[in-house]
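Undergrad: My questions concern the predicted model and sequence given below.
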Amino acid sequence: MTVRTVPVVLVAGHLGVGKSSLVNHLLRHADGTRIGVVVNDFGALGIDAMLVAGQASSVTALSNGCLCCVTDADGLSAVLADLVAPATGLDLVVVEASGLAEPRELVRLLLASSDPHAVYGGLVAVLDACAPDLDHARLADLAVVNGLDRCGPAAVEAVRAVAPGAVVGTSHGALDPALLVDPVRRPQPAQLTLDALLREADGEHPHVAASSVSFASERPLDAGRLAAFLESGPAGVVRMKGIVRLPVGASGATGEDEERGGGVLIETPDVWEVQTVGTAIRVRPAPGRLTTRGARLVLIGTDLDEPALRAALEDCAVREDEPAPSEHAALALTRYRIDLTSA
Ligand SMILES: Nc1nc2c(ncn2[C@@H]2O[C@H](COP(=O)(O)OP(=O)(O)OP(=O)(O)O)[C@@H](O)[C@H]2O)c(=O)[nH]1
């Protein structure tokens, strides 16, 4: 059985750079998507309104204050475990790091979390458009250059030159939630939803809207070329998802591989589910109901160069005159495997 997983996104950046504004914007524009947040300071998000409305069950704070005070993965893991438990029905968890927390350390903590329901959703680094921290940009899966209204878009290009992942410019942290998670449409309850409540309490800022490119191939994709494409952080792409068939033979000449930990021999599948956020890549055997003769992928981002992206993906498709892949060819992609199946 496939375990439902919730992406956990880390939002980091210097003091006052616009992290709370960004998290607030996500909450206000969540529509049907259920977003849980981990913050140090409820006040900054106007969470009081949620508490009054009795809708704060999915919101929690670390009791010991600053996230950087969590010396091992346990403190954060316990908080995350509550949020990603299937009972909460959350679609996304956002951890807002305190202005002083070191992003590298926090990413390590998140990756160390062994919760089967949590999956690392990437590091969003919020940068000041007036003085961007390029070291943060280098670590980010998604770099948000915030404050364009104050300092203009020049920093976006400077950040793009060094950032391995996607780069988006915003004012007031106005980022489209669709850049981080698939929108979920749910029937609207009679009472005010959390996002409607928050929107009422505050003004609006136009956000950078996500766009998408769909790609379908009738031919399998070469694992090495696809991995290189994913690792390259294609311009404008914030995240990608879909299923991909690897060529026969590429999954291992024996048709078997050793399952992590258990030492059990299982068949290696040919069809893989692929998800990326910036340069954070994760793959797993595609659930049985999902299949394809070649590939079906959706790329989500801003200012997408559709013809260039299509051409790059076409290039990944295996050509008829190509020699059969080597026994270990699939590893280029399957090394990003995360085990999401329960026993
Ligand atoms: N003009 C302008 N002001 C902004 C922008 N983004 C945030 N602000 C303001 O800057 C101040 C700090 O923003 P926050 O979102 O609280 O920043 P933060 O990174 O969460 O701050 P800390 O939690 O203290 O680290 C607030 O008064 C925001 O309204 C922006 O893009 N343009």
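TA: Nice, thanks for sending it over.

Undergrad: looking at this, Asp149 is in a helix?
TA: Yes - assigned with DSSP: H, G, I helix; E, B strand; the rest coil, Asp149 falls within a helix.

Undergrad: what's the distance between it and the ligand?
TA: As defined by C-beta to the nearest ligand atom, to the nearest Å, Asp149 lies at a distance of 5 Å from the ligand. Where you see a C-beta, it was placed from the backbone N, CA and C, and this is true even at glycine.

Undergrad: do Asp128 as well
TA: In terms of C-beta to the nearest ligand atom, Asp128 sits 9 Å off from the ligand.

Undergrad: Helix, strand or coil: sort out Arg284 for me.
TA: When the rule is three-state DSSP, Arg284 gets the label strand.

Undergrad: residues near it, how many?
TA: Arg284: 20 surrounding residues under other C-beta atoms under 10 Å.

Undergrad: Check what pLDDT it gets.
TA: Per-residue confidence (pLDDT) for Arg284: 86.

Undergrad: Quick check: beta-bridge partners of it?
TA: Beta-bridge partners of Arg284, counted by DSSP bridges, are Glu273.

Undergrad: hang on, it packs against Pro269?
TA: No - shown here, Arg284 and Pro269 do not form a contact pair, counting by C-beta atoms under 8 Å, at 9.3 Å.

Undergrad: Do you know the pLDDT at Val181?
TA: For Val181, pLDDT reads 84.

Undergrad: Was I right to think it contacts Val6?
TA: No - counting by C-beta under 8 Å, Val181 stays clear of Val6, with 9.1 Å between them.

Undergrad: anything in contact with each of the two?
TA: Jointly contacting Val181 and Val6 under the rule C-beta atoms under 8 Å, 6 or more residues apart in numbering are 91-92.

Undergrad: Next one: the residue most central in space within the chain from Asp135, what distance?
TA: Nearest to the mean C-alpha position of the chain, by C-alpha atoms, centre = their mean, lies Gly121 at 3.4 Å. To Asp135, Gly121 is 21 Å away according to C-beta to C-beta, to the nearest Å.

Undergrad: just Cys316 next, same as before
TA: Separation of Cys316 from Asp135 (C-beta to C-beta): 32 Å.

Undergrad: Check Pro86 too.
TA: For Pro86, the distance to Asp135 (C-beta to C-beta) stands at 37 Å.

Undergrad: again with Ile338
TA: The gap separating Ile338 from Asp135 is 27 Å, by C-beta to C-beta.

Undergrad: Check Tyr336 too.
TA: 25 Å.

Undergrad: try Gly147
TA: Counting by C-beta to C-beta, the gap from Gly147 to Asp135 is 18 Å.

Undergrad: Comparing those two, which residue is more hemmed in?
TA: Gly147 (24 against 12).

Undergrad: ok, how many other residues are close to the closest residue to the more buried one other than its chain neighbours?
TA: Here the nearest residue to Gly147 in space, its sequence neighbours aside, is Ala129; by C-beta to C-beta, 6 or more residues apart in numbering that works out to 3.9 Å. Neighbours of Ala129 under the rule other C-beta under 10 Å: 25.

Undergrad: same question, Arg225
TA: Around Arg225 there are 17 residues (other C-beta under 10 Å).

Undergrad: Hmm, it is touching Arg319, no?
TA: No - between Arg225 and Arg319 there is no contact under C-beta under 8 Å: 10.6 Å.

Undergrad: just to revisit the earlier point, residues touching the residue nearest to Gly147, list them.
TA: Contacts of Ala129 (C-beta under 8 Å, 6+ apart): 145-148, 150-156, 169.
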